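> Model the following, please.
(2 chains)
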Amino acid sequence: KNEVEQSPQNLTAQEGEFITINCSYSVGISALHWLQQHPGGGIVSLFMLSSGKKKHGRLIATINIQEKHSSLHITASHPRDSAVYICAVNQSSGGTSYGKLTFGQGTILTVHP
Amino acid sequence: EADIYQTPRYLVIGTGKKITLECSQTMGHDKMYWYQQDPGMELHLIHYSYGVNSTEKGDLSSESTVSRIRTEHFPLTLESARPSHTSQYLCASSRLSPYNEQFFGPGTRLTVL
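Here you go, the predicted structure:
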């Protein structure tokens, strides 16, 4: 079992729909990241979370430390949101952050017009 | 916008050739990373550095080597390329703090014939 699991692996939506991508992890973390990777490979950091909730435009990310779970929501989805969304965590142990990221396998999102 | 650059973006080369993938960042970040990503798969850390003259192997074994002579520059070298090295290579950088958002370069897509 991977230390970071995402669901679903593939997601298809119609333009305007509300989208949720989930991430569960099984290790202690100091922070959780949501990344976006477009075709062609470039990766953009969307959010870095250690608690609570963050919002940027139509994107909202939440994290529940006790349940070891995070969600990425996209409101009013648009075809340009089509990309791979990756959850990654900074593992920590005993208060020491290793700094390295452990990645989920990614969720492929396709938004149709 | 992240100021991290990779060259070349695409490279097709024959077996046995020596190659160097370049990565530079202008953000003054101490930490730098190299990831390998096969199509449709998650990223795997192959090398990282905490600063000048620091290099460490990542979670995925790699025949490549890296050097960090200057803060801004973190090149990756393959002494003798093989078809099994065909992959995308992504460079990233971050500050030294435990809660470190990583900034990614555009990637180099390497094909070894």
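
> Just the helices from chain B, written as ranges.
With helices called from DSSP state H, chain B shows none.

> what's the weakest-modelled helix or strand in chain A?
For chain A, the helix or strand with the lowest mean confidence is strand A:96-103, at a mean of 71 (criterion: mean pLDDT, DSSP states H and E).

> Mind checking what helix or strand follows that one in sequence?
Toward the C-terminal end, the helix or strand that comes next after strand A:96-103 (DSSP states H and E) is strand A:107-112.

> Mind checking the pLDDT average for that next one?
The average pLDDT within strand A:107-112 is 97.

> Same check on stretch A:36-56?
Here stretch A:36-56 scores 90 as its mean pLDDT.

> which parts of it are buried?
For stretch A:36-56, burial by neighbour count (16 or more other CB atoms under 10 Å in any protein chain shown) applies to A:36-37, A:41-43, A:45-49. Every residue, glycine included, has its C-beta placed from N, CA and C.

> what about it, how long is it end to end?
Distance between the two ends of stretch A:36-56: 14 Å, counting by CA to CA, to the nearest Å.

> Could you list the residues in contact with it?
With contact meaning CB atoms under 8 Å, 6 or more residues apart in numbering or on different chains, stretch A:36-56 is reached by A:30-35, A:59-63, A:65, A:70, A:72, A:83-86, A:106, B:2, B:37, B:88, B:90, B:92, B:99, B:101-107, B:109.

> Just the buried subset of those residues, please.
Among those, those buried by neighbour count (16+ other CB under 10 Å) are A:30-35, A:59-63, A:70, A:72, A:83-86, A:106, B:2, B:37, B:88, B:90, B:92, B:102-107, B:109.
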